[in-house]
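1. just a sequence and a predicted model for now, questions to come.
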There are 2 protein chains.
Amino acid sequence: MVKVKKANTVVEGAREKILASAAQLFSEHGFNGVSVRDIAASAGVNSALVGYYFGGKQGLLAEVYMRHCTPLTQERARLLKSFSRDAQPTLEQILEAFIRPSLEVTTDEHGRSTFTRLRAILSGENSALLEQLVADNFDKSIRTFVTALAKCLPHLSREDILWRFHFLLGAVYYTGSGPHRIYALSHHHCDPSDPVATASEMIPFLAAGFRAPAADFPARSPKPKAVPAKR
Amino acid sequence: MVKVKKANTVVEGAREKILASAAQLFSEHGFNGVSVRDIAASAGVNSALVGYYFGGKQGLLAEVYMRHCTPLTQERARLLKSFSRDAQPTLEQILEAFIRPSLEVTTDEHGRSTFTRLRAILSGENSALLEQLVADNFDKSIRTFVTALAKCLPHLSREDILWRFHFLLGAVYYTGSGPHRIYALSHHHCDPSDPVATASEMIPFLAAGFRAPAADFPARSPKPKAVPAKR
DNA sequence: GTCTATAGAGCGATAGAC
DNA sequence: GTCTATCGCTCTATAGAC
């Protein structure tokens, strides 16, 4: 198996070093933007080991992806459960349980969530492999959260919930994908790489959106003319 | 110049065919996911012509990008102006002026907005070239809309506006980036490639989010309801 | 303007020594 | 397990014929 310790510093095996470097580089440049040689060089190992351990570049991506999925979905489920202990969770709590782990889990040394950025960047590259990975690893978790949201928002149809969840995913992914123009536009006052600040801005925004009245369906233009501010 | 007509069908020059194919393929697979040969083959021309007309693959991307920027920002500005004619535009109108062109302008034969997808997919690939293109082509337009939003939402600080605009961009980009899990999850009832349905769902959602009270800043957890829980 | 042909570099994968 | 060496392929870019 994996040797985890040697001498006084944590020295990983070549396999673990490859995984760490791959997660970092894939998340920065996407699958097609990085070569096996880049990853091996960054890990300080021979590039032939990628074939030995993972069977190739695609196998390496799949391993990186699945390696990070479990902690993320588990943390989401754990938070949701902790909020459901005494009573039905509030909308804000459900959103927090889904979003916060995305921003915090498996962060690198700069506090950035490598895995969220990885998912964001890969969601652009239209790979059949990735689509399968996403469906296999996330559909169950997403259904759980959609159900919790529906319970919390009985005035909405399931379609409305799904639309709004789609927009939520957009906000999360885009925040994870960086770089962010608002960082420059705000003169560095708004920093989407700060998970705490991001969550405290994102959750109230999304909660208000979810609480909006159901859109007239299908496909009518927004009619509120004189701003009947609801909530 | 460009020969636009020949016989009874519109026959473009090689240059135009390359641009059209490049826009389509870049938007589907990203910059690194497509080769110059792919583009040339799709356009039915010789691959050497990419070098002749655009100086290389990067030059081709820059041309595609800028070619689509002008109609998009112009349409946004036109809509915003038309809504500002008689009175101050409503929040919904500002959002519509920004979002609708993203979903509708320069659509391909299937109604998909090629250019929005292109921007979404490229926003992942961390290219210095792209970052420059984005800043050059969009900052001015974005400032206009942020200013209009600020006028409409005096209870919010400029930082709050920028955060919420960031989330809006996430929803738009993610919608443009496809493929969309909610399409399958909803049994094809929610179709983010339909611009009209998307706008009619997105605008009320985002409007409610923008109207939410300002988040306590910095970095406090959401307090509405009886939610003590937080970090 | 459009073609053929190819240079020159980099890619993923793997065979085989140790 | 880890290395060296290399195969076979694809890439971008360009030189030069027409």
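-> Yep, it's here. Numbers count the residues shown, from 1 in each chain, chains lettered A, B, ... in the order given.

2. and the helix or strand bottoming out on mean pLDDT in chain A, how far out from the chain middle?
-> Sorted by mean pLDDT, DSSP states H and E, the helices and strands of chain A end with helix A:114-124, the least confident at a mean of 88. Relative to its parent chain, helix A:114-124 has a centroid offset of 7 Å by Cα atoms, centre = their mean, to the nearest Å.

3. now do it: everything it contacts.
-> With contact meaning Cβ atoms under 8 Å, 6 or more residues apart in numbering or on different chains, helix A:114-124 is reached by A:23-24, A:26-31, A:64-65, A:68, A:72, A:102-103, A:105-108, A:130, A:134, A:172-178, B:30, B:120-125, B:174, B:177. To be clear about C-beta, it is placed using only N, CA and C from the backbone, and glycine gets the same treatment.

4. any of the residues you listed buried? List them.
-> A:23-24, A:26-31, A:64-65, A:68, A:72, A:102-103, A:105-106, A:130, A:134, A:172-178, B:30, B:120-125, B:174, B:177 (16 or more other Cβ atoms under 10 Å in any protein chain shown).

5. which residues touch the closest residue in space to residue A:195 that isn't next to it in sequence?
-> For residue A:195, ignoring the flanking residues on the chain, the nearest one in space by Cβ to Cβ, 6 or more residues apart in numbering or on different chains is residue A:103 at 3.7 Å. By Cβ under 8 Å, 6+ apart, the contact list for residue A:103 reads A:113, A:116, A:172, A:175-176, A:195, A:198-199.

6. measure residue A:165 to DNA strand C for me?
-> 34 Å (Cβ to the nearest atom of the strand, to the nearest Å).

7. how about the helix or strand where that residue lies as PDB, C-alpha atoms only?
-> In the assignment (DSSP states H and E), residue A:165 maps to helix A:158-177. Extracted in PDB, the C-alpha atoms of helix A:158-177 (Å, rounded to 0.1, in the frame of the first residue of the first chain):
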ATOM      1  CA  ARG A 158     -40.200  20.800  -9.000                       C
ATOM      2  CA  GLU A 159     -39.200  22.500 -12.200                       C
ATOM      3  CA  ASP A 160     -38.800  25.900 -10.500                       C
ATOM      4  CA  ILE A 161     -36.600  24.300  -7.900                       C
ATOM      5  CA  LEU A 162     -34.500  22.600 -10.500                       C
ATOM      6  CA  TRP A 163     -34.100  25.900 -12.400                       C
ATOM      7  CA  ARG A 164     -33.000  27.700  -9.300                       C
ATOM      8  CA  PHE A 165     -30.700  24.900  -8.300                       C
ATOM      9  CA  HIS A 166     -29.200  25.200 -11.700                       C
ATOM     10  CA  PHE A 167     -28.500  28.900 -11.100                       C
ATOM     11  CA  LEU A 168     -27.000  28.100  -7.700                       C
ATOM     12  CA  LEU A 169     -24.600  25.600  -9.400                       C
ATOM     13  CA  GLY A 170     -23.600  28.400 -11.800                       C
ATOM     14  CA  ALA A 171     -22.700  30.700  -9.000                       C
ATOM     15  CA  VAL A 172     -20.700  28.000  -7.200                       C
ATOM     16  CA  TYR A 173     -18.900  26.800 -10.200                       C
ATOM     17  CA  TYR A 174     -18.100  30.300 -11.500                       C
ATOM     18  CA  THR A 175     -16.800  31.300  -8.100                       C
ATOM     19  CA  GLY A 176     -14.600  28.200  -8.200                       C
ATOM     20  CA  SER A 177     -13.400  28.700 -11.700                       C
END
